[in-house]
Structures are given as C-alpha cells and as structure tokens.
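Peer 1: using only what follows, build the 3D model:
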Amino acid sequence: MPTKLKGMTSLEIAIIVAIVLVIAVAVGWYLYTTFVASTTAQGRLSISNAEFITSDGTLRLFVTNPGPQVVTIKTVVLSGVECSLQQIQLNVGDSQWVTATCGVSATPGSMLPGYVVTTAGTTFPFNAVVR
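Peer 2: Numbering: from 1, shown residues only. Model prediction:
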C-alpha cells in the first residue's frame, strides 16, 4: 500500500520562520555593534622610552598621543605598585616626558613591567629599564 506523502503543516512552517527570524536578528545585532564599536574614537598613547632610576625612585616615560582625541593620564603602575603622579593631559600630536615617583626597589640593569592608566580606563603597558 503506497504511503501518502503529506506537505508541511502550518506549525512546522511557523517554527522554521521563527528560527530564520532569530538568526537574522542575531546577525543584524552583531553587524550593528561591530559597526558602532569601529566608529567610536578611543584615545591612544605610545610609550617609546621608560626608565626607572633607583637612586631617587623616579620613573621617566616618554609618551606620545597619536590621536584621535585628547588623552589624560590618571595613574602609572610599576611592578604592581601605584606611583604618585599628577594627572597629565596630552593633546593630539603632543609628546612629552612624564615623571612619577615610585616606591619600588629593583636591581640596576633589570627591567620592570608597568602600565599607564588613562581617565577613560584604558591601559598601555611598558617595560622600564632600571638604572
């Protein structure tokens, strides 16, 4: 006896349409958030020279702000210890030496890891040469 083939019922069609709709919304949301994240300007900072002088506990950093917006340095951390520093604001294109006092002991000739924290909450790592 031949089996009678039956087409899709309206419930099956509704389930397939719902699955396609969920996938389309997920892909659309992903594309939207990716686009928004790529167009939002975030401050950047370049640290080209870092040295820690053990005799007086001074950390010297040469920083440059390549843009696209003003960056304010909030704090500097060297080898896990927060250094004392006045907030410094760098306009786009500015380069300057930043000096901080750190209560860290180290052997001259070694290197200490550290990072700069901006008021926006971004961090920029560096390695300081101990002198």
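
Peer 1: in which helix or strand does F124 reside?
Peer 2: Per DSSP states H and E, F124 falls inside strand 123-130.

Peer 1: find the centremost residue of the chain, please.
Peer 2: By Cα atoms, centre = their mean, the chain has its centre lying nearest to T122, at 4.8 Å.

Peer 1: that one contacts Q69, correct?
Peer 2: No. Distance between T122 and Q69: 11.5 Å, which falls outside the contact criterion (Cβ atoms under 8 Å). The way it works is simple: take the backbone N, C-alpha and C, and place the C-beta from them, glycine included.

Peer 1: common neighbours of those two, please.
Peer 2: Residues touching both T122 and Q69 (Cβ atoms under 8 Å, 6 or more residues apart in numbering) are Q42, G43.

Peer 1: low pLDDT regions in this protein?
Peer 2: The chain contains residues with pLDDT under 70 at 1-5.

Peer 1: tell me the domain ranges of it?
Peer 2: When the chain is parsed with automatic domain parsing, its domains come out as 8-40, 46-130.

Peer 1: who's in contact with I88?
Peer 2: T72, I73, Q96, V98.

Peer 1: so who does the residue nearest to the centre of the chain touch?
Peer 2: T122 neighbours (Cβ under 8 Å, 6+ apart): Q42, G43, L45.

Peer 1: secondary structure class of the first one, three-state.
Peer 2: Right, the one you point to is Q42. Secondary structure, DSSP: H, G, I helix; E, B strand; the rest coil: Q42 is coil.

Peer 1: those strands in the chain, which residues are they?
Peer 2: Along the chain, counting by DSSP state E, strands occupy 46-53, 58-64, 71-78, 81-83, 88-90, 95-101, 111-118, 123-130.
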